[in-house]
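Asks: Give the three-dimensional model of this entry:
(one chain, ligands or ions: 1)
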Amino acid sequence: MLSAAPPPKALLLAGAAAAVAALVYLRRRRALPPARRARIAVVGCGGWAQGWHLPNISNRPDAQLVALVDPADDPGAGGCLHGRVESMSDLAARYGVPRYKTLQALLEERRDELDGVLVAAPHGHHCSLGLAVLEAGLHLLLEKPMCADPGFLEARKAVRQGVLGEVRSVSCVFAAPLGWLFEGADHVRWSRSEGSMRGNGFGWGQLSHTFAWVFGVTGLTPATVFAAAVHSESTGADIHDALTLTCTNGAVIAVCGAGTAPDAGFKVVANWAKGARLQVWRHDGAHSAGAPFAFESLDQAGPGPGSLHAFVSACRGEEYEVGAGPVEGLKAVAAIDALYRSIRSGKPESVAGCEGFSESRVAA
Ligand SMILES: NC(=O)c1ccc[n+]([C@@H]2O[C@H](COP(=O)([O-])OP(=O)(O)OC[C@H]3O[C@@H](n4cnc5c(N)ncnc54)[C@H](O)[C@@H]3O)[C@@H](O)[C@H]2O)c1
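Replies: Okay, here's the model as predicted:
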């Protein structure tokens, strides 16, 4: 039975849920003179950083790259652009900035020359690097997923209100042509577990986008996950995931993730996605469609996606909007961790790490 306020009830239809490019945790706002450029260091200089973040930052007149950090002289091994990235010495020369091997060394020498740090290291390193940046009092743009172990996280409850009313059911399909990444021998960072990760593949790599979007929009909190997966015969990565989640308020979420969609099929979806709209169909008949939006900016010659814009604005002491923050990051990570446990056990698994979030219950 409903113990919460009565309807409006709503059914959220999320077609291809890959809206959130990165997790932004903007900790402190400091007023800077308007003319000052955001001073940014990039930590983890592999494929994604070299392909997008670094060119995007250097294209922006309001941002300044201060330093690069990567322990590897030849970065990007096993990453998304394996074999197609520059060495750290070439990269440092290209951007005219110093290179450090560790974040700690950077902070010891240049903490006061920085406004923010962008972390694009492999998944298993996100938590420790992200915390070190926050503890240094700097703004942080953290690539997804926020970390790979929900047990280390603390977060606060987000109270969300909006036109969706009471969300009771979410249906979500995410298909991507990423067989080359999850099944390729060269991209082991995307298929092999590191640290406390219980598995690796489409779950960590892509469902982190889906979950950040769903939890961000709905405010739901995952309670249990029941999942099954198809694994790659070559790498062992989960490449197709089917799962149901229950939420703390009794709502249900169904997610279908397909990681080896044909390229040609994806092009159709991608074209559609460029003009995607969020449609809200309500029981009271107030159906509506939002403005068209693109899921992610992949324009290397441009100023980068909304997450980078928000990060630069925060570093400059300007107004900014957080697309996916620490609460969405925590929920996404906790759900993915339970997903991998459920794949192994063959049973529904409880989501750990989201205690303290509570919504009013809907009818079970
Ligand atoms: N937003 C998106 O759509 C999107 C797309 C691709 C990748 N990504 C994310 O970008 C991140 C990097 O992915 P990638 O494919 O570029 O990986 P990658 O392996 O190519 O690059 C990561 C780099 O981090 C370095 N590194 C490892 N440990 C480090 C540490 N302690 N400190 C600093 N650097 C360290 C590695 O040497 C490597 O060069 C991942 O979090 C991934 O999820 C996001």
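Asks: C-alpha only now, for contacts and for neighbours.
Replies: Noted.
Asks: What ranges does the stretch 101-250 of the chain have for its helices?
Replies: 103-110, 126-135, 179-182, 202, 208-218 (DSSP state H, counting those that start in this stretch).
Asks: most packed of those helices?
Replies: helix 202 (a mean of 28; mean count of other Cα atoms under 10 Å).
Asks: which helices and strands does that helix pack with?
Replies: Other helices and strands packing on helix 202, by 3 or more Cα pairs under 8 Å, 6 or more residues apart in numbering; DSSP states H and E, are strand 238-247.
Asks: circling back to that earlier point, comparing the helices of the stretch 101-250 of the chain by mean pLDDT, which bottoms out?
Replies: Lowest mean pLDDT within those: helix 208-218, at a mean of 84.
Asks: ok, back up a step: will you turn the helices of the stretch 101-250 of the chain into CSV that also has distance to the ligand?
Replies: Formatted as CSV, those follow (distance: least, Cα to the nearest ligand atom, whole Å):
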stretch, distance to the ligand
helix 103-110, 6
helix 126-135, 7
helix 179-182, 9
helix 202, 11
helix 208-218, 8
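Asks: quick one: contacts for the closest residue to Pro222 other than its chain neighbours?
Replies: The shortest distance from Pro222 to any non-neighbouring residue, by Cα to Cα, 6 or more residues apart in numbering, is to Cys247 (4.3 Å). By Cα atoms under 8 Å, 6 or more residues apart in numbering, Cys247 lies in contact with Leu220, Thr221, Pro222, Ala223, Thr224, Ile253.
Asks: relative orientation of the helix ranked longest in the chain and helix 208-218 in degrees?
Replies: Criterion DSSP state H: the longest helix present in the chain is helix 326-345. Between helix 326-345 and helix 208-218, the angle comes out at 130 degrees (axes from the mean of the first three to the mean of the last three Cα atoms, to 10 degrees).
Asks: near the ligand, which residues of the stretch 201-350 of the chain show up?
Replies: Gly205 (Cα under 6 Å from any ligand atom).
Asks: Residue of the stretch 201-350 of the chain closest to the ligand, please.
Replies: As assessed by Cα to the nearest ligand atom, the ligand sits closest to Gly205 within the stretch 201-350 of the chain, at 5.7 Å.
Asks: can you pull the contacts of that residue?
Replies: Counted by Cα under 8 Å, 6+ apart, Gly205 has contacts Pro145, Trp190.
Asks: Going forward, the N-terminal residue is numbered 27.
Replies: Sure, I'll start numbering at 27, so the last one becomes Gly231.
Asks: Would you check how far apart it and Met114 are?
Replies: Distance, Gly231 to Met114, by Cα to Cα, to the nearest Å: 25 Å.
Asks: Tell me the pLDDT of Lys293.
Replies: 43.
Asks: which residues in the chain form strands?
Replies: 35-42, 48-51, 64-69, 89-95, 125-126, 142-145, 165-169, 192-201, 248-257, 264-273, 278-284, 305-308, 314-315, 375-376 (DSSP state E).
Asks: how far does stretch 90-106 stretch from start to finish?
Replies: 25 Å.
Asks: pLDDT (mean, whole number) over that stretch?
Replies: Rounded mean pLDDT across stretch 90-106 is 97.
Asks: Was I right to think Val338 contacts Asp88?
Replies: Yes. Taking contacts as Cα atoms under 8 Å, Val338 lies within contact range of Asp88: 7.4 Å.
Asks: Quick check: neighbours shared by these two?
Replies: With Cα under 8 Å, 6+ apart as the test, Val338 and Asp88 both reach Ala64.
Asks: neighbour count winner among these two?
Replies: Here Val338 and Asp88 are compared on neighbour count by other Cα atoms under 10 Å; more neighbours surround Val338, at 26 against 19.
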